[in-house]
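K.L.:
task: produce atomic coordinates for the following.
(one chain, ligands or ions: 2)
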Amino acid sequence: MKVVVLTGAGISAESGVPTFRDADGLWVGHRVEDVATPEGFEAQPSLVHRFYDERRRSLAEVEPNEAHRALARLEDVLGDDLLVVTQNIDDLHDRAGSTRLIHMHGELLSAWCQGCDAHVPWTRDLGDLPPCPCCGVTALRPDVVWFGEMPYQMERIMGALAGADLFVSIGTSGAVYPAAGFVQQAMRAGARTLELNLEPSEGSLWFSETRHGPASELVPRWVDEVLLAVTP
Ligand code: BJW
Ligand code: ZN
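P.N.:
Ligands and ions are numbered 1, 2, ... in the order given. Modelled structure (predicted):
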């Protein structure tokens, strides 16, 4: 059984990472256009660097939760039959042990050089404008995908959706494309589709099944069900 899992901010909420569109979301106090577009970065680079530098620093204070760990457990059994596509730029799936993982909106722990196009592992601040370790030019930006930019590894994701038997969406509002359209692509490919979210998302009606509640409860329960079904 080939499974594609899409995760969003809701899976990291119980680890203490704020979501984007909930009442106390990340963008409270920041207009989206100011921080999550290339134009916003060009207009106010220091504001945008500060926003991402704070989020990068706060990774030290959070840990993966039961939902991240359950998906890593699922990979232990399904192996190459599982692909986790996350919209999150935190490293909680990685730390939980997921390796069949795509960060489609980039990663806090990576920087992208606008001078030489290198993508380099990064743990420090970018706001103090450090030089690129590859070319020495001061042209590093957060390695994240802003509105109007192409998400990473779309071909690989589309290929996996086309061959999926089951598509599961976890903790995402379904407000941002192309991720919000994955459920329809999977459905067209003949996959069963399942939403696990705190509340109905904007795309809930597209799913063949929806379960609502906290990810730390719903995801381990669903993973246990799959493991019971696939292990002899
Ligand atoms: C819990 C929970 C708990 C809480 N347990 N659940 C008009 C129509 C259609 C599309 C467009 C349009 N105009 C423009 C577009 C395209 C645009 C877009 O979608 N805009 C929308 C505003 C409409 N998209 C783009 O520009 C993308 N690029 C693109 O389309 O390229 C062209 C292309 C063409 C063809 C093929 C492919 C591509 C790029 C989008 C980049 C998004 N970037 C951001 C910032 C990344 C860096 C960063 O993190 O700062 O990504 S925006 C932000 O939203 C971030 C997130 O990854 C993304 C999604 O948010 P997410 O994860 O869903 O979070 P929330 O907060 O919205 O939802 C959390 C959910 O969890 C809620 O439902 C809660 O209930 C739930 N929850 N606690 C379970 N404990
Ligand atoms: Zn460079």
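K.L.:
does stretch 11-29 reach ligand 1?
P.N.:
Yes. Interface with ligand 1: stretch 11-29 contributes Ala13, Glu14, Thr19, Phe20, Arg21, Asp22, Gly25 (C-beta under 6 Å from any ligand atom). Placement of C-beta: from N, CA and C, glycine included.
K.L.:
how about the residues of the chain that lie near ligand 2?
P.N.:
Cys113, Gly115, Cys116, Ala118, Cys132, Cys134, Cys135 (C-beta under 5 Å from the ion).
K.L.:
let's see it at 8 Å
P.N.:
113-118, 120, 132-137, 139-140 (C-beta under 8 Å from the ion).
K.L.:
ChimeraX command for the buried members of those?
P.N.:
Selection of the buried residues among those in ChimeraX, burial being defined by 16 or more other C-beta atoms under 10 Å:
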select :113,132,139,140
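K.L.:
now do the buried residues in the helix or strand of the chain with the lowest mean pLDDT.
P.N.:
Lowest on mean pLDDT, DSSP states H and E among the helices and strands of the chain sits helix 32-35, with a mean of 73. If you call a residue buried by 16+ other C-beta under 10 Å, then helix 32-35 has these buried ones: Asp34, Val35.
K.L.:
and if you look at stretch 164-175?
P.N.:
Quick answer for stretch 164-175 (16+ other C-beta under 10 Å): Ala164, Leu166, Phe167, Val168, Ser169, Ile170, Gly171, Thr172, Ser173, Gly174.
K.L.:
list the helices and strands the longest helix anywhere in the chain packs on?
P.N.:
With secondary structure taken from DSSP state H, the chain has its longest helix at helix 215-230. Applying 3 or more C-beta pairs under 8 Å, 6 or more residues apart in numbering; DSSP states H and E, one finds that helix 215-230 contacts helix 9-13, helix 66-78, strand 166-170, strand 192-197, strand 209-212.
K.L.:
and the next element down the chain from the second one?
P.N.:
Heading C-terminal from helix 66-78, the first helix or strand you meet, by DSSP states H and E, is strand 82-86.
K.L.:
run the chain-centre distance for that next one.
P.N.:
9 Å (C-alpha atoms, centre = their mean, to the nearest Å).
K.L.:
would it count as contacting ligand 1?
P.N.:
No. Using C-beta under 6 Å from any ligand atom, strand 82-86 never reaches ligand 1; the gap is at least 8.2 Å.
K.L.:
tilt between that strand and strand 166-170?
P.N.:
Between strand 82-86 and strand 166-170, the angle comes out at 30 degrees (axes from the mean of the first three to the mean of the last three C-alpha atoms, to 10 degrees).
K.L.:
for the record, mean pLDDT for strand 82-86?
P.N.:
Across strand 82-86, the average pLDDT comes to 99.
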